[in-house]
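Student: Let me see the structure of the following:
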Amino acid sequence: MDPPRNGVAGRSIGALQRRAELGEDVSEERAYVRLGKTNTQILVGTTDLAEWDDEELLRGQRKAADGTFVGRPPKLVPKAIHDELVRRTMSSAAEKLRSNLVDATTALTEIATDAEAADADRLRAISMIMDRVMGKTPDRVEVSAEMPWLTAITEGIVSVDDDIFENIIETDGVEVEDAITIDVEETS
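Tutor: Residues are numbered from 1 along each chain as shown. Sure, this is the predicted structure:
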């Protein structure tokens, strides 16, 4: 066992990997990880990932001055690197869709108006155009759930006639139905 760090004892990743290779169950173990300067700066928020190129983000590692990757790839990549890569990918995809929108619309219109196209293809193109222009018709979804507790409560409610209340007597704050009162003399 390695010395505790910040009050939490753990093992090194290498030690846990060796134990796992020997078939030991290490699923409940904790490990500590030493972070390099770059990952520490990313986690602290002092490194701007906008300066990284896509290849560096994919690898999770900065290039050296000569443009090559030096050293081992990281075992651990901060989530901020992943988030930046996803943001760039989605932005690139949205830009590509925007730039090809006119061509896609032209192609759909050509298919919809082409008399030689198969009827199924024409109908699909017409449907797509109408969905985008007029708005897609919402699918109607009806959800019903049987609530057994509601059934039990509903069937457990019984109507009571008003004349039943005439036979109820209140004794010391407790209601007693059809009670007979008896006077008891105390003897000393």
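Student: where does this protein dip in pLDDT?
Tutor: 1-10, 160-188 (pLDDT under 70).
Student: contacting residues for the residue nearest the centre of it?
Tutor: Residue closest to the average C-alpha location in the chain (C-alpha atoms, centre = their mean): Asp83, at 15.8 Å. Contact analysis of Asp83 by C-beta atoms under 8 Å, 6 or more residues apart in numbering lists nothing. Any C-beta I mention is one placed from the backbone N, CA and C, and that applies to glycine too.
Student: just Glu84 next, same as before
Tutor: Applying C-beta under 8 Å, 6+ apart, we find Glu84 in contact with Leu49, Ala50, Trp52, Leu57.
Student: Got a quick PyMOL command for the buried subset of these?
Tutor: Applying 16 or more other C-beta atoms under 10 Å to the contacts of Glu84, the buried members can be selected in PyMOL as follows:
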select buried, resi 49+52+57
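Student: how about the contacts of Glu84 in JSON lines, adding distance to Asp103 and secondary structure?
Tutor: Shown next, in JSON lines, are the contacts of Glu84 (distance: C-beta to C-beta, whole Å; DSSP: H, G, I helix; E, B strand; the rest coil):
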{"residue": "Leu49", "distance to Asp103": "33", "secondary structure": "helix"}
{"residue": "Ala50", "distance to Asp103": "31", "secondary structure": "helix"}
{"residue": "Trp52", "distance to Asp103": "32", "secondary structure": "coil"}
{"residue": "Leu57", "distance to Asp103": "30", "secondary structure": "helix"}
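Student: And the contacts of Glu84, which two are furthest apart?
Tutor: Greatest spatial distance among the contacts of Glu84 (C-beta to C-beta): Ala50 and Leu57, at 10.4 Å.
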